[in-house]
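Engineer: Structure, please.
(one chain, ligands or ions: 2)
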Amino acid sequence: MKKIIGSTTGLKSTQIKALENLYLFRTPPEELITEQQLNALTAISHDIRRQVGLLINRAGKTVHVIAGDPHRIVIPDTPDYKALPGRLKGLRCIHTHLVPGESLTTDDVTDLSLLRLDFMAAVTITPEGEPDIIYPAHILPTEEGIPYELVPPVTINNLDINCNALIMALESELARKNALYRTETDEEKAMLIHVTTGDPLTSQASLDELEELCTSSRIHVTGRAIQRRKVIDPKFVVGKGKLEEITINAIQRHATMMIFDTELTPAQIRSITDFVEMKVIDRTQLILDIFANRAKSREGKLQVELAQLKYLLPRLITRNTAMSRLTGGIGGRGPGETKLEINRRRVRDRIVKLGKEIKQIRKQRNQQRAKRNRKQVPVISIVGYTNAGKSTLLNTLTQSEILAEDKLFATLDPSSRRLRFPKDIEVIITDTVGFIQNLPEELMEAFHATLEELEDADILLHVIDISNPRYEQQMQSVEKILAKLKLDEIPLIYVFNKQDRIELATFDNMWLLNQGVLISATKQETLKPLVSRLEEMVNNRYEANNYYNNALPRETNQSMLEPAPSIQKENDYE
Ligand SMILES: Nc1nc2c(ncn2[C@@H]2O[C@H](COP(=O)(O)OP(=O)(O)OP(=O)(O)O)[C@@H](O)[C@H]2O)c(=O)[nH]1
Ligand SMILES: [Mg+2]
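Structural biologist: Numbering: from 1, shown residues only. Ligands and ions are numbered 1, 2, ... in the order given. So this is what the prediction gives:
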């Protein structure tokens, strides 16, 4: 006989037998439940004074009998029945309510909507233990508003509600709607979630950025949710009720994943994925993913892998738990744990190995740096928020072709070019990985080596995209990171970029623009003031450091550039 779900403690063996007997009934396709089974259900529930629930599949078979307490039943995981996009779960839940006249509760309709049940019905019981009124509800295939519909109550005399036909009709409508949401590439669709204890305006801005990150990694955003709280919920980040609401909304909008705009702790990921039948990731994971896709150089790839593994390690246990939950889970603790240990050991070994390789590469790089330093060629480094136009500026300045794209984090590997000023002084200009606010710790560490090169910079060009509505926050984020890297002592020029995209006459922050140079990195003719300013600064530094005379003649400069990964062309400025 199949097992009863929930606790049967304190029940007599005849009562347990009566519960088990509920597995024996078959429901015809048009009925919600048969009269006989309904009678048996209310009789035993009345007898034990606990709610009892049934999960019935579309073939009319009872797949679970659930014993609850006087106020609720807990629906178990049903790995064999999953609600795929555009489909329902294939299970209906019919359960008793002991309170006379109590229709479906909020918990009931939440379960219906979250689990995507075919039907949810509550049946009340007469004082004699017979079925009284049945309150059914089903999902509504809408994208907004209430996600379910309460069907008019029925009694034992009209259980024939054309049940399966109704379910089929609902599913075909769901499938049609889902198809509308399908994209050509069938990309992921995400619900973005931000929780804050502060200003909701900042939340919007932060979500805007998260959305850009999504676009960068080809994820389509189907909805966003913000919750303001006094404190962040340690378990679910947002409150449990809010998480339910968001999840239902995400399902309504055909989302395939949820992205939290913070870093989730391993415990939070675990409780949320236990709760939500959807992929759940956080901002850090999204950024790590982007970096993993973009990394080109060997060092870049190693660094990103290292960052990913470091992020993964404390979360491994979560993954496996989630996995075992999805595959049925029970009965495998021994082997499960061993496998987990193997996984963790492998990850740890790999982390050590990667660390060594990176150290080796770093050593070579330092030697190259030292060689370059000896030659004392001034280095100008371009820094700035991601997508500000750094690579474009380097390209236009030096007429080269570094990948510049309207994507966050187009550049991951530093590249250097030569630039020659009219007075025959040559400098090296380097492009760097873009910054972003709250750069994940793992990546900050990973790219520390790359960013270390910035220490050699004689001048920093801080490129700011003034056409981005969040340019001020972005400037601040960059400055924070520069300070963290202890680079805030290096002379810096603000380069306000993409001037062609703004209306200068109505720009409300002219004061700021006067602190730097205004350019359009895509238009070479706008760069002259920047070039003269740079030249002036380089000259001043030359004189101040008195190494002008040590500078090598231009012709021989070629050799000292060798260590830089990609030197292509040079460009003369008149
Ligand atoms: N309209 C306009 N677009 C620009 C300008 N400068 C850059 N862009 C565009 O902005 C986008 C980003 O430029 P990139 O040079 O890749 O930016 P980046 O700072 O190197 O970005 P990451 O490498 O991702 O950090 C590209 O689509 C450029 O064509 C400009 O002056 N005007
Ligand atoms: Mg770039």
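Engineer: you'd agree residue 495 is in a helix?
Structural biologist: No: counting by DSSP: H, G, I helix; E, B strand; the rest coil, residue 495 is not part of a helix but strand.
Engineer: what's the pLDDT at it?
Structural biologist: We have a pLDDT of 97 for residue 495.
Engineer: Who are the contact partners of it?
Structural biologist: 384, 393, 461-464, 516-517, 519, 530 (C-beta atoms under 8 Å, 6 or more residues apart in numbering). Just so you know, the C-beta spots here come from the backbone N, C-alpha and C atoms, and that holds for glycine as well.
Engineer: Among those residues, name the ones in helices.
Structural biologist: Judged by DSSP state H, these include 393, 530 as members of helices.
Engineer: Residue 95 contacts residue 68, correct?
Structural biologist: Yes: with contact defined as C-beta atoms under 8 Å, residue 95 counts as touching residue 68 (7.4 Å).
Engineer: hey, what's in contact with both of these two?
Structural biologist: 51-53.
Engineer: Excluding chain neighbours, give the residue nearest to residue 390 in space.
Structural biologist: Of all residues not flanking residue 390 in the chain, residue 382 sits nearest, at 4.6 Å (C-beta to C-beta, 6 or more residues apart in numbering).
Engineer: gap between the helix or strand containing that neighbour and the chain center?
Structural biologist: Here residue 382 is covered by strand 379-384, with elements defined by DSSP states H and E. On the basis of C-alpha atoms, centre = their mean, to the nearest Å, strand 379-384 is displaced by 30 Å from the centre of the chain it belongs to.
Engineer: same deal with stretch 59-78?
Structural biologist: 33 Å.
Engineer: Name the residues of that stretch that are buried.
Structural biologist: 60, 62-68, 72-73, 75, 78 (16 or more other C-beta atoms under 10 Å).
Engineer: Quickly note the distance from the residue nearest to residue 390 to residue 429.
Structural biologist: 7 Å (C-beta to C-beta, to the nearest Å).
Engineer: more crowded one of these two?
Structural biologist: Set side by side, residue 382 and residue 429 show more neighbours around residue 382, with 27 against 23, by other C-beta atoms under 10 Å.
Engineer: Contact partners for the more buried one?
Structural biologist: 390, 393-394, 429-432, 460-461, 463.
Engineer: Reformat the residues you listed into JSON lines and put pLDDT and distance to residue 204 next to each item.
Structural biologist: Output for the contacts of residue 382, formatted as JSON lines (pLDDT from 0 to 100; distance: C-beta to C-beta, whole Å):
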{"residue": "390", "pLDDT": "92", "distance to residue 204": "26"}
{"residue": "393", "pLDDT": "93", "distance to residue 204": "29"}
{"residue": "394", "pLDDT": "90", "distance to residue 204": "32"}
{"residue": "429", "pLDDT": "86", "distance to residue 204": "36"}
{"residue": "430", "pLDDT": "84", "distance to residue 204": "34"}
{"residue": "431", "pLDDT": "84", "distance to residue 204": "31"}
{"residue": "432", "pLDDT": "80", "distance to residue 204": "29"}
{"residue": "460", "pLDDT": "94", "distance to residue 204": "30"}
{"residue": "461", "pLDDT": "95", "distance to residue 204": "30"}
{"residue": "463", "pLDDT": "96", "distance to residue 204": "24"}
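Engineer: Between those residues, identify the one with the most neighbours.
Structural biologist: That'd be residue 390 among the contacts of residue 382, by other C-beta under 10 Å, with 31 neighbours.
Engineer: Go ahead and confirm it touches residue 383.
Structural biologist: Yes: between residue 390 and residue 383 there is a contact under C-beta under 8 Å: 7.3 Å.
Engineer: Next, show the common contact partners of the two.
Structural biologist: 432, 463.
Engineer: before we move on, the earlier item: compare the shared contacts of residue 95 and residue 68 and tell me which is most surrounded.
Structural biologist: Going by other C-beta under 10 Å, residue 52 tops the shared contacts of residue 95 and residue 68 with 28 neighbours.
Engineer: give me the beta-bridge partners of that residue?
Structural biologist: Going by DSSP bridges, residue 52 is paired in beta bridges with residue 67.
Engineer: list the contacts for it?
Structural biologist: 19, 22, 41, 44-45, 65-68, 73, 95-96.
Engineer: Show me the shaky parts of the stretch 451-574 of the chain.
Structural biologist: Low-confidence segments of the stretch 451-574 of the chain, defined by pLDDT under 70: 542, 544-574.
Engineer: same question, the chain
Structural biologist: In the chain (pLDDT under 70), the answer is 1, 180-186, 317-342, 372-375, 400-414, 421-424, 446-447, 449-450, 542, 544-574.
Engineer: go again using 50 as the cut-off
Structural biologist: Residue ranges of the chain with pLDDT under 50: 318-337, 548-574.
Engineer: ok, back up a step: Throw the contacts of residue 52 into CSV and include secondary structure and distance to ligand 2, thanks.
Structural biologist: Formatted as CSV, these follow (DSSP: H, G, I helix; E, B strand; the rest coil; distance: C-beta to the ion, whole Å):
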residue, secondary structure, distance to ligand 2
19, helix, 65
22, helix, 64
41, helix, 65
44, helix, 68
45, helix, 65
65, strand, 60
66, strand, 56
67, strand, 61
68, coil, 58
73, coil, 56
95, strand, 58
96, strand, 63
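Engineer: Nearest to residue 178, out of the residues you listed: which one, please.
Structural biologist: Ranked by distance to residue 178 (C-beta to C-beta), the contacts of residue 52 are led by residue 95 at 28.6 Å.
Engineer: Any idea what the closest one is bridged to?
Structural biologist: Under the criterion DSSP bridges, residue 95 forms beta bridges with residue 53, residue 122.
Engineer: do stretch 208-228 and ligand 1 meet at all?
Structural biologist: No: using C-beta under 6 Å from any ligand atom, stretch 208-228 stays clear of ligand 1, coming no nearer than 8.2 Å.
Engineer: now that stretch, how far from the centre of its chain.
Structural biologist: Taking C-alpha atoms, centre = their mean, one finds stretch 208-228 lying 8 Å from the centre of the chain it belongs to.
Engineer: can you tell me the distance between the two ends of it?
Structural biologist: 17 Å (C-alpha to C-alpha, to the nearest Å).
Engineer: Just give the number of residues close to residue 8.
Structural biologist: Residues lying near residue 8 (other C-beta under 10 Å) number 17.
Engineer: so what's the backbone phi/psi at it?
Structural biologist: Backbone torsions for residue 8, taken as degrees, to the nearest 10, come to phi -110, psi 10.
Engineer: How about residue 135?
Structural biologist: phi -110, psi 100.
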